[in-house]
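1. Have a look at this prediction, sequence included:
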Amino acid sequence: MNSPRRLFIVGQNSELYQQWSEYLSGTDWAVEIFTDYDDVKDTLLGNIDSSALVLLDMSLSEVRDFKFLGGVGSTNAFIVVLENPTATEVATCYRNDATDILIKPFDQKELLKSLERSAKYQKLLVENQGYREQLEAANRNLQDSLRILEMDQIAGRQVQQSMLPVTPQRFGDYEISHFIVPSLYLSGDFVGYHCIFDRYLVFYAADVSGHGASSAFLTVLLRFLLTRILRRHVHNDDRDAMARAPQGFVEYINRQILAIGLDKHLTMFAGSIDMEQNTLRYAVGAHMPMPVLVHDGEVEMMEGKGKPLGIFEDVHWSISEKALPDKFALVLTSDGVLEVLPGESMEDKEQFMLSAIASSDTSLDSICQQLGLRDLTESPDDVTVLTVRRGY
């Protein structure tokens, strides 16, 4: 059985209101009559969680005292009873959120029709209030979830940052350093470098497809795999393997990514410098742009190509070898750098990068300044710069 609907009749004609109440006794309307305006205000304001339909039989100036019935968030619909009103008075009532207007004289059937019209409107008010509360609760839950996610992302970023190598580092005559600006809390770009047997400077830069936690997880895996390989070579005193590095390294990473099945791929540049012979051996896994070599006042883009990692099985990456000058700078960037450089075409962007590097003093800070990366607050893609220098 449905609960009775509440009707408050407010005015001074108690005898007439009693007749209305008797007429409505055969319906589901529960009628309360108020002749004291303060009483009805206290009742309405004291039951803020419940709704009622209010019928106001009074002058327009008195109706204004009940304007609290309307407005945003209210579920109390009200009907105004007027006698010989002007068009302005009718408009004023509706502007003050009146649900309906009854103009005297009217019969009891008209009264009931007005009540039913207003009740339908009031039902919408109650439903909308419920939807609003549900939406507010959902928004609160969403905000809480976002805060938790943000905290997790910040914690993940701190972990990822802690796994990056210290920058800058010097190994004999060589200096290596890096700069990374993630597009999100977690980065898909990652770099690593180690000096093995005080002779081989091994380094890499990787760019994992996508963004977020899954891409960042793969960068953690890369660091683990590289560290494990190098520790094994050191433990076994395998200097021949280090002399061939990075031969086999990219293939090993490729197999591990495919085995995990993360549906991720990455590009990579992996290099190893024999600091006694001053020679660079490197493999390219679809990394772009190619590293820039600065020497004798000239800048040149190195050559090399190869497939990305994590897509193809049984792929071999060729090893290129290059004798390095006594004084040089090797500048390795991710494709995110190209995203923020001016230029209409890829050639324009690469030319700008070459000019910017040529005008720098080859230090990491100077290169980033010339490329406009130091003041970079946001980027559509992760941005990475890695430099290896000798003789500076």
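-> All right, it came through fine.
2. Only C-alpha atoms from now on, for both contacts and neighbour counts.
-> Will do.
3. Strands of the stretch 51-200 of the chain, start to end?
-> Here the stretch 51-200 of the chain has its strands, by DSSP state E, counting those that start in this stretch, at 53-57, 78-83, 100-104, 169-171, 174-181, 189-196, 200-208.
4. Tell me which of those strands lies nearest to residue 123.
-> Nearest of the strands of the stretch 51-200 of the chain to residue 123, taken as Cα to Cα: strand 53-57 at 10.3 Å.
5. quick one: average confidence on that closest one?
-> Here strand 53-57 scores 91 as its mean pLDDT.
6. cool, and stretch 346-359?
-> Averaging pLDDT along stretch 346-359 yields 96.
7. Show me what residue 300 is bridged to.
-> Residue 300 forms beta bridges with residue 293, as assigned by DSSP bridges.
8. burial count for it?
-> Residue 300 has 14 neighbouring residues, counting by other Cα atoms under 10 Å.
9. in stretch 291-306, what's buried?
-> 291-295, 299, 304-306 (16 or more other Cα atoms under 10 Å).
10. hang on, I meant stretch 206-216
-> Within stretch 206-216, the residues that count as buried by 16+ other Cα under 10 Å are 206-216.
11. ok, now stretch 15-28?
-> Buried positions in stretch 15-28, judged by neighbour count with 16+ other Cα under 10 Å: 17, 20-21, 24.
12. Pull the distance from that stretch to the chain's centre.
-> Offset of stretch 15-28 from its chain centre (Cα atoms, centre = their mean, to the nearest Å): 59 Å.
13. out of the buried residues of stretch 206-216, who's nearest residue 148?
-> Using Cα to Cα, residue 213 comes nearest to residue 148 of those, at 14.3 Å.
14. What does that closest one show for phi and psi?
-> With angles defined as degrees, to the nearest 10, residue 213 sits at phi -60, psi -40.
15. wait, doesn't it sit right on residue 186?
-> Yes: at 6.4 Å, residue 213 counts as touching residue 186 under the criterion of Cα atoms under 8 Å.
16. Need the residues touching each of those two.
-> residue 153 (Cα atoms under 8 Å, 6 or more residues apart in numbering).
17. So which residues of the stretch 101-250 of the chain form helices?
-> Taking DSSP state H, counting those that start in this stretch to define them, one finds helices in the stretch 101-250 of the chain at 108-163, 213-235, 239-244, 249-260.
18. Would you convert these into JSON lines that also reports mean pLDDT and distance to residue 195?
-> Listed next are the helices of the stretch 101-250 of the chain as JSON lines, based on pLDDT from 0 to 100; distance: least, Cα to Cα, whole Å:
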{"stretch": "helix 108-163", "mean pLDDT": "89", "distance to residue 195": "16"}
{"stretch": "helix 213-235", "mean pLDDT": "90", "distance to residue 195": "10"}
{"stretch": "helix 239-244", "mean pLDDT": "96", "distance to residue 195": "11"}
{"stretch": "helix 249-260", "mean pLDDT": "93", "distance to residue 195": "16"}
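19. Out of the ones you listed, which is closest to residue 389?
-> Here helix 239-244 is closest among the helices of the stretch 101-250 of the chain (Cα to Cα), at 20.3 Å.
20. buried ones in the closest one?
-> Residues residue 242 are the ones in helix 239-244 that count as buried (16+ other Cα under 10 Å).
21. Can you give the distance from that helix to the centre of its chain?
-> Offset of helix 239-244 from its chain centre (Cα atoms, centre = their mean): 45 Å.
22. since we're on residue 362, how many residues are nearby?
-> Residue 362 has 21 neighbouring residues, counting by other Cα under 10 Å.
23. before we move on, back to that, can you put the helices of the stretch 101-250 of the chain in CSV and add distance to residue 349?
-> Compiled in CSV, the helices of the stretch 101-250 of the chain are given as follows (distance: least, Cα to Cα, whole Å):
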stretch, distance to residue 349
helix 108-163, 29
helix 213-235, 26
helix 239-244, 34
helix 249-260, 28
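24. So for residue 358, which of those sits nearest?
-> Smallest distance to residue 358 across the helices of the stretch 101-250 of the chain (Cα to Cα): 29.6 Å, for helix 108-163.
25. Widest-spaced pair of the buried residues of stretch 291-306?
-> Taking Cα to Cα, the two most distant members of these are 295 and 306; they sit 25.4 Å apart.
26. distance between stretch 348-363 and the chain's centre?
-> 32 Å.
27. can you pull the buried residues of that stretch?
-> In terms of neighbour count (16+ other Cα under 10 Å), stretch 348-363 has its buried residues at 349-350, 352-354, 356-358, 360, 362-363.
28. Closest one to residue 127 out of the buried residues of stretch 291-306, please.
-> Nearest to residue 127 among these, with distances taken as Cα to Cα, is residue 306, at 61.8 Å.
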